[in-house]
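**Q** what would the 3D arrangement of this be:
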Amino acid sequence: MVTETKIDLWFWHLDATVGDIARWRKHLASDELERMSRFMFSKDQERYTICKSRVRRILGWYLGISPRDVMFATTGRDKPVLADRAAGIAFNLTHTDRLACLAVTRGEAVGVDLERVREVKDDFIAYALNPDEHARVLSLDPDARRHAFFRYWTAKEAYLKATGTGLWQSLKTFDVEVPVISTLGELTRGALPRVDDPSERDRNWHLYTFQATPAHIGALALAPPTNAEIRICSRWISSQAWV
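**A** Numbers count the residues shown, from 1 in each chain. Next comes the predicted model:
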């Protein structure tokens with residue numbers, strides 16, 4: 001029997017009016033409000049509020065409860081998860097510059113990463129990538145090199161976020177294969193040809209890269225059941241939606 005694994009990718013811009021921020025702040029728990037207040041700059045407080053309230057709003061919609069009633073826990077590596085594990089919902093959040101993305105699915109390991117394309121020094125490319133990956137990126141002209149690097153980088157980050165290890169795990173312990181060119185709005189399949197960790201090696205890892213905007217590149221990693229039919233839906237939220 002073929003099963004279906006559905007992943008929703010929710011995107012939103014990190015901008016809002018003062019009135020929106022005040023209303024969204026009401027969704028936050030007391031510990032989140034305390035953490036928000038520790039940010040030195042108001043723009044960081046605003047972006048934290050937008051992200052946390054959006055996550056609560058979206059997950060509350062899946063659970064059929066109020067955003068304030070969504071309860072969180074963390075894994076051993078501090079990956080946020082729902083406290084109600086019986087709900088079977090997995091999620092992962094990423095944000096960069098002025099754009100955020102939340103991946104939501106049911107019961108599967110999932111990780112998502114998003115980066116704004118920018119200049120990167122060659123020594124950082126060497127640090128982040130394995131020799132074959134590094135050579136492929138450096139063979140490109142400077143503009144293509146920037147985009148290709150962030151396709152590799154986000155793919156590696158998405159996989160590490162899906163496993164829950166994050167950058168606790170060395171980037172040299174696995175390889176990724178990704179296209180160096182992508183089309184705006186389309187998801188393109190990648191691969192994990194080498195994974196050193198025996199606990200992850202035999203899992204059914206799927207890797208996708210995407211160009212979210214002309215300036216933002218992202219990647220999605222998940223481990224669905226073998227032979228599952230994968231359905232990925234991108235959902236863009238307007239700045240006024242769900243205020």
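
**Q** would you map out the domains in this structure?
**A** 1-108+225-243, 111-223 (automatic domain parsing).

**Q** pLDDT averaged over the longest one - what is it?
**A** By that I understand domain 1-108+225-243. In this model, domain 1-108+225-243 has a mean pLDDT of 90.

**Q** mind putting the domains of the chain in CSV, mean neighbour count included?
**A** Every C-beta, even on glycine, is put in place using the N, C-alpha and C of the backbone. Below are the domains of the chain laid out as CSV (neighbours: other C-beta atoms under 10 Å):
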stretch, mean neighbour count
domain 1-108+225-243, 15
domain 111-223, 18
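
**Q** and for stretch 15-33, what's in contact with it?
**A** 36, 46, 49-50, 52-54, 56-57, 67-68, 98, 239-240, 243 (C-beta atoms under 8 Å, 6 or more residues apart in numbering).

**Q** do the same with stretch 42-51
**A** With contact meaning C-beta under 8 Å, 6+ apart, stretch 42-51 is reached by 12, 14-16, 21, 24-25, 28, 35-37, 39, 93, 95, 100.

**Q** out of these, which two sit at the greatest distance?
**A** Across the contacts of stretch 42-51, the longest distance by C-beta to C-beta is 22.8 Å; it joins 12 and 37.

**Q** ranges for the strands of this structure?
**A** Remark: strands assigned in the chain by DSSP state E are 4-13, 72-74, 80-82, 89-96, 99-106, 109-116, 174-177, 187-189, 191-195, 206-213, 216-223, 229-237.

**Q** ok, the third one: who's next to it in the sheet?
**A** Strand 80-82 has its sheet partners listed here by DSSP bridges as strand 72-74 (antiparallel).

**Q** same question for the first one.
**A** Each strand that strand 4-13 pairs with, and the sense of that pairing, follows from DSSP bridges: strand 99-106 (antiparallel), strand 229-237 (parallel).

**Q** not counting its own residues, what contacts the last one?
**A** Which is strand 229-237. Contacting residues not belonging to strand 229-237 are listed as 2-12, 54, 185, 187, 206, 208, 220, 222, 224 [C-beta under 8 Å, 6+ apart].

**Q** for the strands paired with strand 4-13, which one sits closest to residue 80?
**A** strand 99-106 (11.0 Å).

**Q** starting at the chain centroid, how far to that closest one?
**A** From the chain centre to the centre of strand 99-106 is a distance of 6 Å (C-alpha atoms, centre = their mean, to the nearest Å).

**Q** ok, back up a step: which ones among the contacts of stretch 42-51 lie within helices?
**A** Using DSSP state H, the subset of these located in helices is 21, 24-25, 35-37.

**Q** between the strands paired with strand 4-13, which one is nearest to residue 120?
**A** strand 99-106 (18.4 Å).

**Q** ok and that closest one relative to strand 109-116, angle-wise?
**A** Angle, strand 99-106 to strand 109-116, by axes from the mean of the first three to the mean of the last three C-alpha atoms, to 10 degrees: 170 degrees.

**Q** could you tell me the angle between strand 99-106 and strand 206-213?
**A** Going by the same axes, to 10 degrees, strand 99-106 makes 150 degrees with strand 206-213.

**Q** which outside residues touch strand 99-106?
**A** Under C-beta under 8 Å, 6+ apart, the answer for strand 99-106 is 5-14, 50-51, 54-55, 58-59, 62, 88-95, 110-112, 114, 116, 212-213, 216, 218, 220, 222.

**Q** can you rerun that using 7 Å?
**A** 5-14, 51, 54-55, 58, 62, 88-94, 110, 112, 114, 212-213, 216, 218, 220, 222 (C-beta atoms under 7 Å, 6 or more residues apart in numbering).

**Q** one more: stretch 191-203?
**A** Residues from elsewhere that reach stretch 191-203 (C-beta under 7 Å, 6+ apart): 159, 163, 173-177, 205, 207, 223.
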